[in-house]
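In: model the structure of this input:
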Amino acid sequence: MKKVHTLRFAGIIPARYASSRFPGKPLVLLGNKPMIQRVYEQAAKSLTVVWVATDDRRIFDTVTDFGGNVIMTSPAHPSGTDRCAEAIERILNKTGGKIDVVINIQGDEPFIKPEQITLLMECYNDETVEIATLVRKVEPGEDIFNPNQPKVILDMKGNAIYFSRAAIPYLRDTEMSLWSNKHTYYKHIGMYAYRTETLKKITLLQRSSLEISESLEQNRWLENGYRIRTAVTNWESVGIDTPADLEKAKLLLNHFS
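Out: Reported below is the predicted structural model:
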């Protein structure tokens, strides 16, 4: 089997200042460090190449101050995927290097596990994989009906068939409260890896009907014939979307190195 270390990986952390629910959240202090620094340092435990892609000079200066790599990108990007695509092009032009696979790391998840990044990298032991992402098995009795936690169904090879905010599949003739006891459901963990050339191509695709319906960009890729390989993680992501989430994260800080 081809080892993933023969491929050149780069982690990119999209980080924008403007957020409707929490403006400036990449710069909020978590302990004695800005959140973006904590994400960066966790990513650097698995990757030798890590960059922050931002549209804001304050974030740019903060990353520069702690010694990280950072690149300015357009403020007009509708998604982190689009920001990653511009960033990798700028990075390669700037460094003159070559990157085979880009890993899109959420900028608001300061407790990201390095092992999760490694799981994504290992998907590329299969040379046919173009896009990869993480999923987590739902525990029996766990809530599967929260639309803010997308679910995904998989084929026999671990490729995603469809992503939905609804609980899929529908279990006929079973009480809905028992669904997670009767079937193995998967929740989507929103970290992606893309071959560099694939990343360029998918950002050129027009928004699709299923993407618009679910407000999930990965359905656009599926509708256009791309396969998304999944890797199963046992770790639930801890995202910070609101000031209330930040207060909860501060309580968790002592449990993480």
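In: C-alpha only now, for contacts and for neighbours.
Out: Noted.
In: from residue 80, how far out is residue 220?
Out: Using CA to CA, to the nearest Å, residue 220 is found at 15 Å from residue 80.
In: show me where the stretch 101-250 of the chain has its helices.
Out: Applying DSSP state H, counting those that start in this stretch to the stretch 101-250 of the chain gives helices spanning 114-122, 179-182, 196-202, 209-214, 218-223, 243-252.
In: rank the ones you listed by pLDDT, which is bottom?
Out: Lowest mean pLDDT of the helices of the stretch 101-250 of the chain: helix 243-252, a mean of 74.
In: please identify the buried residues of that helix?
Out: Neighbour counts over helix 243-252 (16 or more other CA atoms under 10 Å) mark 246, 249 as buried.
In: neighbouring contacts of the biggest strand by length in the chain?
Out: For the chain, the strand with the greatest residue count under DSSP state E is strand 186-195. Strand 186-195 is contacted by residues 100-106, 120-121, 130-138, 149-153, 163, 236-237 when judged by CA atoms under 8 Å, 6 or more residues apart in numbering.
In: narrow those to those that are buried.
Out: The neighbour count (16+ other CA under 10 Å) marks 101-106, 120-121, 130-138, 149-153, 163, 237 as buried among the contacts of strand 186-195.
In: OK, contacts around residue 17?
Out: Each residue near residue 17 by CA under 8 Å, 6+ apart is listed here: 23, 24, 25, 26, 54, 55, 56, 59.
In: now residue 223
Out: By CA under 8 Å, 6+ apart, the contact set of residue 223 is 208, 210.
In: what bridges to residue 162?
Out: Legend: beta-bridge partners of residue 162 under DSSP bridges are residue 153.
In: from residue 115, how far out is it?
Out: 25 Å.
In: quick check: residue 200 touching residue 87?
Out: No. Applying CA atoms under 8 Å as the test, residue 200 and residue 87 come out as separate, 10.8 Å apart.
In: between these two, which one's more packed in?
Out: Shown here are residue 200 and residue 87; by other CA atoms under 10 Å, residue 87 has more neighbours (24 against 18).
In: so the more buried one: helix, strand or coil?
Out: Recorded secondary structure, residue 87: helix (DSSP: H, G, I helix; E, B strand; the rest coil).
In: would you agree it is in contact with residue 55?
Out: No. At 10.6 Å, residue 87 does not count as touching residue 55 under the criterion of CA under 8 Å.
In: between these two, which contacts overlap?
Out: Any residue near both residue 87 and residue 55 by CA under 8 Å, 6+ apart counts here, and that gives 72, 73.
In: out of the helices of the stretch 101-250 of the chain, flag the one nearest residue 34.
Out: In terms of CA to CA, the element of the helices of the stretch 101-250 of the chain nearest to residue 34 is helix 243-252, at 11.6 Å.
In: number of residues surrounding residue 170?
Out: The number of residues near residue 170, taken as other CA under 10 Å, comes to 11.
In: okay, now residue 80: neighbour count?
Out: Using other CA under 10 Å, residue 80 has 19 neighbouring residues.
In: next one: residue 178
Out: By the criterion of other CA under 10 Å, residue 178 has 13 neighbours.
In: which residue sits closest to it, ignoring its sequence neighbours?
Out: Using CA to CA, 6 or more residues apart in numbering and skipping the chain neighbours, the partner closest in space to residue 178 is residue 141 (7.1 Å).
In: quick one: residue 27 and residue 81, what's the gap?
Out: Distance from residue 27 to residue 81, by CA to CA: 21 Å.
In: ok, those two, which is more surrounded?
Out: Each of residue 27 and residue 81 has its neighbours counted (other CA under 10 Å); residue 81 has more, 24 against 18.
In: what residues are up against the more buried one?
Out: Applying CA under 8 Å, 6+ apart, the residues near residue 81 are 104, 199, 203.
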